[in-house]
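>>> I'll drop the sequence and a predicted model, then ask my questions.
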Amino acid sequence: MRLTIISLLFLFIGKSAFPQTPSKQEIQNQMSQAIKELNQQISELEKQIADAKKNKEDPETIKGLEDQLIMLKKQVEMMGGVTKGISKMPEKTVQQIGQELDNDDNSVPKRDDTRINALPKKPLTDAELSVFVQKVNLAIEKKLPLSQKKYAKELYDEVNAKEKSPVRTGNLAVLCWLAKSTDMAIWIMGKACMDDPLDADNLSNYATFLSMVGGEQFAIPIQQNLLAKFPNNTTIMNNLGQSWYGLGDMTNSKKYLSATIMMMAVHPYAQETMCGIDEAEGQNDESVESLKRSIKEDYTPEKEAKLTRQGYHLKVEDFRFKYPTKAEPLGIEKFLSPPSYAFEGGEPAQLNRWEWDDYREKLGEVMSSLEQTKKQIDEKVDQYRQKLFGNLSSKNIKSYKDVDVADLAGRVNPLLQPYNNKVYKTARRKYELLIEWHTERFLALDKKIKESEAMIDQFRNDYNLALQNTKESCSARFAAATTFNSKANAIWQERNAELLTLEKEFLDARANYSLYASLDPSIYEQDILTIKLGILGFLSSLRHENEIGCMPPKDIPKPNGKTLPDFDEMNCQYKTELSIPYAGSLFSIKVECNKMTTKFDLKYVKGSLEENLANGKYHGTVKVEESIGSDKEKFGPLEIGPSVKAGAEVDFNEGGIEDVTLVSKVSMKAGPVSISSLEGRMSITTGQGSITGKGAFSGISIK
């Protein structure tokens, strides 16, 4: 109980609040401050609800705000109870527990010889595995609350009412797992494995479930049996390495994780766990490189925070953006053909000057029109900001960019909930790092431009001197202008090309990321207008020279000038509707660029969440694909690798579903997709953080 109270403390106010193990007084002060801030949020939220009702806003919005209010009040009540519990503890106990938590956070799991020694001495045969699974199920049944067994059995009976189907049963178990009803998921998956002891997908998922709640001693024998059948399967190898990690056997963990990485160098979960092992062994450089490889394919703020602690600053090129984008989203390249440069004096220079004057005038007209449009968009953004923040203005939140979505989603405003996902977080971080990337390169180019200015100023001094010495000779003045224009414009042509190449790359990427990183269409429209104004502004400010020097007097007709193109329109290409087997009405994920809506309508799931066995942190990826016939026998459980022909990946952690992406053999698919075959295959890959060795099943053994 004492450990639980202190753990709750760090959950509420964060370990980062304490640079070292805190005293009891420091803890109580922090708790009081946290409760005070929560009460302030409650007061603001109550006023926001009252205003919403007064203004007759959307009932769903009001309901969402009321739900947040209830949750905040429960949190304050719970924190008050924690504070009372701490006040009764001796100072020595508080310090001891705090040190234990520090050790847990900064080290790999301790070796658990009791559970390791209880493992079978050799891989189980299929017959032995069948008996083993039955014993595991019996042991688990004793651990599950009666209500969970009752609910799970009713779901199992319903899906098998017409005919017994281990595939549908296993898929139902995965749905329960995604809905965070892990106890029911484990019971149902166990039944699926007993119904068909040779189904590799169900066995692999069952082992993964068990390892994620501390039952690594049950998972490893299953995974060893599967690996003997499918020796090159990255899903099995990674999951086995994670299970050994949970038991604290770093030798075996590294063996299987390294094998996974040999098959797939950028396997995000295997690399992340290897990072932790390397760090514990004092291999700091290797630890950083492992985490960089992990983040390359799978960005998370947590991984970046760890890299920062290890002394590495993330760059925009360090991780990829795996969602559909356009190479030339706004058609900026159509604008990158300004008037030519004058390399002569006289009449050619005069014509060139008129061309540039006409070009700038037309650019100015377009920019003026866009500025008027921007005023209307700015008003929409202000309206959205007011709707989003309401009374939070007192907290100095001035812009949507100040929002920590992961912190605010579900606590302050339900409008943010759909954006608390990997798509938005990855895009937003890409956007921020892109700005850093551009600033660094622009400053370097600006230095070159200033050096060019100094050189051309010297050319101009020489030109002015030549004009003074050749006042009577038109041909000499023409020649002086030609010399100046040719030397100066050769430089400006090169500098301008570098500048426009940089700006095109920057603004194209910015437009793509903005589509995913904007919290509202008005914010996206505002950013796109800023991008358009940016490229037009650069074009208008391009440096060039067109000194005339001298030319015979005659009428020269002005050229017609350039016709400016239009920008391309851009909209979201990434629209996904994913429904996973047993029936689409029970579960769906809808993604539209940066917004994600997940719906569960599983019988009994809501009631089961209060008695969840998954009492530790975990995360992973569910792979979904249609049945692929003989590939099942060839590859076994789905993997990140050659067996995935087409389907989807659903990332999850203990907080819920984080992301859904569509995959094919060679590239990501875009467009509406629904995977809903009753016989579709589903397989789970687990990651570090899921294996702690202290889960609910760590103390269970079988004979």
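Received the coordinates, thanks.

>>> shouldn't residue 347 be in contact with residue 559?
No: when contacts are counted by CB atoms under 8 Å, residue 347 is not listed as touching residue 559 (11.7 Å). The way it works is simple: take the backbone N, C-alpha and C, and place the C-beta from them, glycine included.

>>> what about residue 373, helix or strand, and which?
Element membership for residue 373, per DSSP states H and E: helix 346-389.

>>> by contact count, what packs against that helix?
helix 474-517, helix 521-540 (3 or more CB pairs under 8 Å, 6 or more residues apart in numbering; DSSP states H and E).

>>> a strand runs through residue 647, doesn't it?
Yes: judged by DSSP: H, G, I helix; E, B strand; the rest coil, residue 647 forms part of a strand.

>>> Return the set of residues that bridge with the nearest residue to it once chain neighbours are set aside.
Excluding the flanking residues, the one nearest residue 647 by CB to CB, 6 or more residues apart in numbering is residue 625, at 2.9 Å. Beta bridges link residue 625 to residue 681, judged by DSSP bridges.

>>> And residue 625, what's its pLDDT?
In this model, residue 625 is scored at 75, pLDDT.

>>> Tell me how many other residues crowd it.
Here the number of neighbours of residue 625 (other CB atoms under 10 Å) works out to 22.

>>> Over to residue 454?
Residue neighbour count, defined by other CB under 10 Å, stands at 9 for residue 454.

>>> What are the contacting residues of stretch 245-254?
Under the contact criterion CB atoms under 8 Å, 6 or more residues apart in numbering, stretch 245-254 has outside partners 108-112, 115-116, 211, 214, 216-217, 220, 241-242, 244, 257, 273-274, 276-277, 280-281, 688, 690-693.

>>> Recalculate using a threshold of 7 Å.
For stretch 245-254, contacts defined as CB atoms under 7 Å, 6 or more residues apart in numbering pick out 108-112, 115-116, 211, 216, 241, 244, 273, 277, 691-693.

>>> what inclination does the helix holding residue 373 have with respect to helix 521-540?
Interaxial angle of helix 346-389 relative to helix 521-540 (axes from the mean of the first three to the mean of the last three CA atoms, to 10 degrees): 160 degrees.

>>> Nearest spatial neighbour of residue 502, chain-adjacent residues omitted?
Here the residue nearest residue 502, using CB to CB, 6+ apart, is residue 441, at 5.8 Å.

>>> Show the model's pLDDT score for the residue located most distally from the centre of the chain.
Distance from the C-alpha centroid of the chain, by CA atoms, centre = their mean, peaks at residue 472 (70.7 Å). At residue 472, the pLDDT value in this model is 81.

>>> Equivalent analysis for the one 5 residues further on, please.
In this model, residue 477 is scored at 94, pLDDT.

>>> ok, the closest residue to it other than its chain neighbours - contacts?
Among residues not flanking residue 477 along the chain, residue 550 sits closest, at 3.7 Å (CB to CB, 6+ apart). With contacts defined as CB under 7 Å, 6+ apart, residue 550 is in contact with 346, 474, 477-478.

>>> Swap in 10 Å and give it another go.
Counting by CB atoms under 10 Å, 6 or more residues apart in numbering, residue 550 touches 345-346, 467, 470-471, 473-481.

>>> still on that earlier bit, now render the helices and strands packed on helix 346-389 as JSON lines, adding distance to residue 296 and mean neighbour count.
Formatted as JSON lines, those follow (distance: least, CB to CB, whole Å; neighbours: other CB atoms under 10 Å):
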{"stretch": "helix 474-517", "distance to residue 296": "17", "mean neighbour count": "20"}
{"stretch": "helix 521-540", "distance to residue 296": "26", "mean neighbour count": "19"}
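
>>> and residue 148, which of those is closest to it?
Proximity to residue 148, assessed across the helices and strands packed on helix 346-389 by CB to CB, is greatest for helix 474-517 (38.5 Å).

>>> still on that earlier bit, same list (the helices and strands packed on helix 346-389) but as TSV, adding distance to residue 621.
What follows is the helices and strands packed on helix 346-389, written out as TSV (distance: least, CB to CB, whole Å):
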stretch	distance to residue 621
helix 474-517	20
helix 521-540	29
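
>>> Of all those, which one is nearest residue 378?
Closest among the helices and strands packed on helix 346-389, using CB to CB: helix 521-540, at 6.5 Å.

>>> residues near residue 221, how many?
Other residues near residue 221 come to 21 when the count uses other CB under 10 Å.
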